[in-house]
Structure formats: C-alpha cells, structure tokens
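Colleague: Here is the input, now give the coordinates:
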Amino acid sequence: QTLGIFSRVDIRMPDAGTTLSERTIQVEVDEKDPGEVRVGLGVNNELLLTFRGYLSVSYANLNGTGRGLHLRLDPKFSTEPSISYLENRTTLSYLEPYVFNVRNRGRVNLVRDQRFSGYTANRDAIILEENSIGFLLEKDLSRTTKVTYTAYSFANQLQFNRRTKDTIKTQNIAKTGPLIEYDIRDNPGSATKGIYAFLNAEYSDPAIGSSQDITQTIHFMKTNASFSFYQQMFGKRDLVWANSLRGGYLANLSNASNSGVPSQESFFLGGRAPIRGFAAHDLERIPNPIDLGVPTLSDFRMTSDSHYYLVKSEVRFPIYRNFALGPLGGVLFYDGGAVILSQLELPDPYRDAAGIGLRVDTPVGPLSLELGFKLDRRLLQVGTNGASDIRESEWAFHFSIGTF
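Modeller: Next up, the predicted model:
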C-alpha cells in the first residue's frame, strides 16, 4: 500500500564508503499494473448473522500522471427477519496527487449509502438513505503522521420505514474539519507493538448547508480522539497487551428551540466495537431509549452538550500455532465507558464488561470469537399490568474479522 503506483522502489548510494562529499543517489522504480480489481467477503453476528462483501475496481495512474479513479461496492445483508434488506454502499472516488503543484493529495468522493438505522416504536426497521459528496485534502507530514482535511462534505439523508416505505425524516448535514493520524504499528491489521492515535474535529452549520427549517436546526461541533498502544510481553511476539483509550466531546451550538444534534451524530456505546458484552440492538446501546425517554433512538436529539470516554484492554496469548486456518490464540479482555449528557442525568452512566475469546490469524485478518459478560447488568424497566420486566442480557457473543 505504501508503494502507491509502484511495485518496487530501490534506493542506493553507489559512492557509499568513499570520501566523496558530493554523492550520487540512484533510485530505481517499477510501476505496477495501474488497473486493479479486488473482492472480499465477511460475516459477523451483529444482527443474527450479517454477511458483508465488497467489490473494488480502480485505475491508479491515469495517463501516467498518478491521478486515479476508484469504484467500490459494499453490499451487506442481515438474516434478522425484521430487517430483511440488502444494505449497500457505492463509492466513486477521484484522486489528484499534486494539489497546488506540491505533494498535497486531493480527493473527491461521491457516496450513495442505504443502511439499517434502528427501529420504529412498532419495531419496523428504519432504513437511512444517504447521498453525499466530499472534498478532501491529504498531506503526509512524515512517514508516521498524516493530516486529512475535509474541506467540505454535504450529505442529504432520508429515513424511511422498511415495511411501509413511509418517509420518517429528511435532513442535510454539511461538515468541515481536520483529522490528524499518528501510526507506528508494526502491522495495521494485527499489531503486536507500536502506537496508533488520531484526533478528529468536525463543524456543521446551516451557513454551509446543514438543515434549518421550522422543524430542525443542525449546528454543532464534534471532536473525537483515540490512543491505542500495543506491547509485546516478555519479548514474545505472540503474547501481546493491547490497550485503547478513546473520548469525545459534542456540542449543539444553536439556541433555537428546534435545534439539536441528530441521533446518528450523537455518541452511543455498546455492541462489539465499543464495549463487548453488549448486543447490537437498541436496548443495549449506551444510553438506550428507556434512559433517554424516547420511543426509539432515531427520535433522540442532543440539545446541549455531551462527552464520552472508553477504555479497552486485552491480553492476547498463543494456544496452538499449527492450526489449519492459521495460528490459534486466546484473549482476555475488559471494556468500560460512559456517555455523559448535560441535558439529562443518566442512571449509572459507566458501563463495563469482561470476557474471553479465540483468535485465528487468517490471511484476510484476525478471525475473532468473543464472549463478553456485563459486570453491572441492569433492570431497564419494571413491568406493569402483568407485563414482564425488561432486563439486559447477562452476556453477548461476538463473531467478526478484525481487532482494535
């Protein structure tokens, strides 16, 4: 990936070892085939079984200039009967390698996305359809540090009922802001040592295209930060202590009575990625609709400010190196975090879980099977008029490809 349009780069100094003060640097490169087609498949248990795939077609060196075109299709299908919808994402991207005649990369992304976004009060699936355009500038400050500036992005979003096809909500979200990344991991796919950190800031305002009408005003500022570090234990490459610290701040900047940050831009935890041991459905999100006093998460708007913090820690250890699919390992983990809202005092905001898992290091990435147990299982709602109490599950099983 770091070689870009080349298949080989060789840099030599023929005068090495001499006393010459002016020396020759010899650089040899071989260009790879600029046309490339890739396919991939995956599965996880987010909602029963969820099957994912992608098809990527790209041409990375138009007319020998380094300019590129990239088309990617990402279909996704969940076996959850209430959804039963072929989610899909189509991305068309253009790369300009020398913006302002220097090594600033420019990208234009066109995206059409249709994805499951929660449930209505009647448990009908909500589909979010989004059409967006983004203009980005990228700069490698060094081998380890990269800056991406979203000069402008605009997304038109439509939520509709999967069963009735009725429109639930429409809105526009325009954004601008930087992303700074620092990466010294030995392997981005399955790190055993090093650090990965990022800091992201976004600003949205009706002045640049976000919605402002009689029903809604979208004007907010949002930041996210993450620091992940990986340490080999006792000098063994397959015995690793991995940790990740994350946090963010979100503020509604409008004083209008109809203002608020939409739920899809608000902070939520739960599910495999943030806190293992919590299932992916709404009632095990952190916070959940009962905590927020809304029928569904899509009805929630963040009207003041909020922040979140999250810690993930795990020890990865070897079990059997000669397993058929690849080296087999185990993992012991702990995840914990909280979402704090100024507009509402949430009960028991800090939630955590611990668990065990198996990992198989396959050619397409680590295959993960993890079982997480809530350490503070909650009664969400006391049943009335003969109805049963609503209580969180004791545990959740997660199956996917990839690790943090």
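Colleague: What mean pLDDT does the helix or strand harbouring residue 37 get?
Modeller: Using DSSP states H and E, residue 37 falls within strand 35-44. For strand 35-44, the mean pLDDT works out to 89.
Colleague: Tell me the helices and strands packed up against that strand.
Modeller: Here strand 35-44 touches strand 50-62, strand 395-401, going by 3 or more C-beta pairs under 8 Å, 6 or more residues apart in numbering; DSSP states H and E. (Glycine included, C-beta is placed from N, CA and C.)
Colleague: which stretch among the ones you listed comes nearest residue 183?
Modeller: Among those, strand 395-401 comes nearest to residue 183, with 20.5 Å by C-beta to C-beta.
Colleague: In this structure residue 127 contacts residue 163, no?
Modeller: No. Here residue 127 does not reach residue 163: they are 10.1 Å apart, not a contact under C-beta atoms under 8 Å.
Colleague: So for these two, which sits in the more crowded spot?
Modeller: residue 127 (20 against 13; other C-beta atoms under 10 Å).
Colleague: Now for the closest residue to that one other than its chain neighbours, how many residues are close by?
Modeller: Excluding its sequence neighbours, the residue lying closest to residue 127 (C-beta to C-beta, 6 or more residues apart in numbering) is residue 162, at 5.2 Å. Per other C-beta under 10 Å, the neighbour tally for residue 162 reads 18.
Colleague: Beta-bridge partners for residue 391, please?
Modeller: residue 379 (DSSP bridges).
Colleague: still on that earlier bit, which outside residues touch the strand holding residue 37?
Modeller: 49-60, 272, 364, 398-401 (C-beta atoms under 8 Å, 6 or more residues apart in numbering).
Colleague: Buried ones in that strand, by neighbour count?
Modeller: 42, 44 (16 or more other C-beta atoms under 10 Å).
Colleague: Each with direction, which strands does it pair with?
Modeller: Strand 35-44 is paired, per DSSP bridges, with strand 50-62 (antiparallel).
Colleague: quick one: the very next helix or strand once past the strand it pairs with to strand 35-44, angle?
Modeller: Going down the chain from strand 50-62, the next helix or strand is strand 67-78, by DSSP H and E. Interaxial angle of strand 67-78 relative to strand 35-44 (axes from the mean of the first three to the mean of the last three C-alpha atoms, to 10 degrees): 20 degrees.
Colleague: separation between the residue nearest to residue 127 and residue 43?
Modeller: Between residue 162 and residue 43 the computed distance is 22 Å (C-beta to C-beta, to the nearest Å).
Colleague: for residue 90, same thing?
Modeller: Relative to residue 43, and taking C-beta to C-beta, residue 90 is found at 21 Å.
Colleague: Now do the contacts for the residue positioned nearest the centre of the chain.
Modeller: Closest residue to the average C-alpha location of the chain: residue 273 at 8.6 Å, with C-alpha atoms, centre = their mean. Taking C-beta under 8 Å, 6+ apart as the contact definition, residue 273 lies against residue 404.
Colleague: what separates it from residue 137, distance-wise?
Modeller: 28 Å.
Colleague: same thing with residue 384?
Modeller: For residue 384, the distance to residue 137 - C-beta to C-beta - is 56 Å.
Colleague: out of those two, which sits in the more crowded spot?
Modeller: residue 137 (17 against 7).
Colleague: Tell me who's in contact with the more buried one.
Modeller: 99, 104, 105, 106, 107, 148, 149, 151.
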